[in-house]
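Engineer: Here is my input; please provide its structure:
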Amino acid sequence: MVMSFETVQASVIDDALTFATGQAHNGQGVPAFVAMGNHGDGYQLLTLNFPAGTFNISFTYSKNATNAAGEDAAWLAQVSFPDGSIERFDGATFPPSGWTTSGNANWFRTNDPAHAAGPSLLTARSGVIGDNQSTTLQTTRTFPTAGPVTCFFWVSSEQNADFFSVAVNGTTYASNSGVPVIHLGPSYPASHPSVISVGASTHWDTRSSYSQYGGKLDFLAPGGSLEGALIFTTDRTGTNGDNTAPSPAGDYVSQQGTSMSAPIAAGVGALMLSVAPNLTATQVLAILSATADQVGPLPYTNGWNAYYGAGRINASNAVAMAWASSCLGIPIPVTSLADSGPGTLREAIPFLGLFKPADLKAELAKIRHTPSAATSSAVLHRH
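Structural biologist: Model prediction:
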């Protein structure tokens, strides 16, 4: 079961999900994969079209004479230029080569998972300023041909008073203010205790910045990001979908969102059930969590952190762990410590079945710490 919407909590939905995940399918329960939601950040995309030429491009956060609201700051995660170059502010130095910062306080680089977007935790943040002050980050670029400059920015400030603005050769072309609405934890029904709550990851194996985090986050699955690669998927046919081109071109679209992640995770769950149809909904979640790759730059505590859950799902490992019953209790020779291939545990297990995921993971760990010159064996036991 896949659910990709958010609504107010309702007892009728609660009761249906409790029954479906715990009692349906002859008491095994049906795994319910639910999208966490896409309100995890305040990033906006700005595009300005440039002719060929040389331009000074400045990004400024400025305050008026009184008051403050929100986080009272602005962030830049990525700036792309017509020549194809991209600045993500994650290099060896800050400001990067060709950039300067000025004003009442300098912009600086922050290592902040809540405002991270892209391949790392690093973003550029406006300097800490007071009333009637400003802080600027700027670069001068020469473009041989015309093209767009795009930037991903986040501003949290007093509405219509304190502004993030973009200027070209001293002329302001865009400005923005206000406090974005950020939703921490899963939206309902992803917050239901019996469902599998799925967040989104990027092709860099980092959390997609929009993906809600914290609370009952189980794990991530690929969901794409505007800063990197999107998910290519089917659309409503013809001109009725997001891609309004006629069929067949209009039958497909590139998207981002936890609505992409939940069905991908459900597809892995279906593969697991195809080889081990007696798995309960609880066991499906346990195996997906136990076999997830602990990706990203943040540490995991007891196999979990608030931004990544148990990590990014690994379809190969999840199906291998689900695939078990016919060899339980039988010694399995292992001659290779590689993740897959001849002589590995995955190659040696022709048919897996039901067991506690933590036990198999412990066996894998033991085998991979055995000297490679020796032949090891693992024994899987039913619980």
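Engineer: my read: residue 2 touches residue 268, true?
Structural biologist: No. Look at residue 2 against residue 268 with CB atoms under 8 Å: they stay out of range, at 11.9 Å. For glycine as for every other residue, the C-beta is placed from the backbone atoms N, C-alpha and C.
Engineer: just for the protein, where's the confidence low?
Structural biologist: Judged by pLDDT under 70, the chain has its weakly predicted residues at 324-340, 343-383.
Engineer: longest helix of it?
Structural biologist: helix 258-275 (DSSP state H).
Engineer: buried sites along it?
Structural biologist: By 16 or more other CB atoms under 10 Å, the buried positions in helix 258-275 come out as 258-266, 268-269, 271-273, 275.
Engineer: Next: stretch 192-211.
Structural biologist: 192, 194-202, 204-211.
Engineer: Got phi/psi on residue 114?
Structural biologist: In terms of degrees, to the nearest 10, the main-chain angles of residue 114 are phi -70, psi -30.
Engineer: which residues touch the nearest residue to residue 72 once chain neighbours are set aside?
Structural biologist: Leaving aside its sequence neighbours, residue 72 sits nearest to residue 157 (CB to CB, 6 or more residues apart in numbering; 6.0 Å). By CB atoms under 8 Å, 6 or more residues apart in numbering, residue 157 lies in contact with 61, 63, 68-74, 163-164, 177-179.
Engineer: what do you get for residue 150?
Structural biologist: So residue 150 contacts 45, 46, 47, 48, 78, 79, 80 (CB under 8 Å, 6+ apart).
Engineer: a strand runs through it, doesn't it?
Structural biologist: Yes. Checked against DSSP: H, G, I helix; E, B strand; the rest coil, residue 150 lies within a strand.
Engineer: beta partners for it?
Structural biologist: Beta-bridge pairing of residue 150 under DSSP bridges involves residue 47, residue 80.
Engineer: ok, now how distant is it from residue 232?
Structural biologist: 20 Å (CB to CB, to the nearest Å).
Engineer: what's the answer for residue 6, then?
Structural biologist: 24 Å.
Engineer: Looking only at neighbour counts, state which of the two leads.
Structural biologist: residue 6 (20 against 11; other CB atoms under 10 Å).
Engineer: excluding its backbone neighbours, what's nearest the more buried one?
Structural biologist: Spatial nearest neighbour of residue 6, chain neighbours left out: residue 187 (3.7 Å); criterion: CB to CB, 6+ apart.
Engineer: That neighbour against residue 9, yeah?
Structural biologist: No. If you go by CB under 8 Å, residue 187 and residue 9 don't touch, sitting 10.0 Å apart.
Engineer: Pick out whichever of those two has more residues nearby.
Structural biologist: residue 187 (21 against 10).
Engineer: What does the more buried one show for phi and psi?
Structural biologist: Torsion angles, degrees, to the nearest 10, at residue 187: phi -70, psi 160.
Engineer: hang on, the earlier thing: which residues touch the residue nearest to residue 6?
Structural biologist: 6, 35, 36, 37, 39, 212.
Engineer: likewise residue 45?
Structural biologist: 150, 151, 152, 226.
Engineer: measure the last one to residue 234 for me?
Structural biologist: Relative to residue 234, residue 226 is positioned 20 Å away (criterion: CB to CB).
Engineer: related to what we said a few turns ago, looking at the contacts of residue 187, which is nearest residue 303?
Structural biologist: Using CB to CB, the shortest approach to residue 303 within the contacts of residue 187 belongs to residue 36, at 18.3 Å.
Engineer: I figured that closest one hits residue 212, correct?
Structural biologist: Yes. Judged on CB under 8 Å, residue 36 makes contact with residue 212 at a distance of 4.6 Å.
Engineer: intersection of neighbour lists for the two?
Structural biologist: In terms of CB under 8 Å, 6+ apart, residue 36 and residue 212 are both contacted by the residues 186, 187, 199, 258.
Engineer: right, and the pair among the residues you listed with maximum separation?
Structural biologist: Longest span within the shared contacts of residue 36 and residue 212, CB to CB: 187 and 199, 11.3 Å.
Engineer: Tell me the secondary structure of the nearest residue to residue 249 once chain neighbours are set aside, please.
Structural biologist: Distances taken as CB to CB, 6+ apart place residue 243 nearest to residue 249, at 7.3 Å, with adjacent residues excluded. Following three-state DSSP, we place residue 243 in the coil state.
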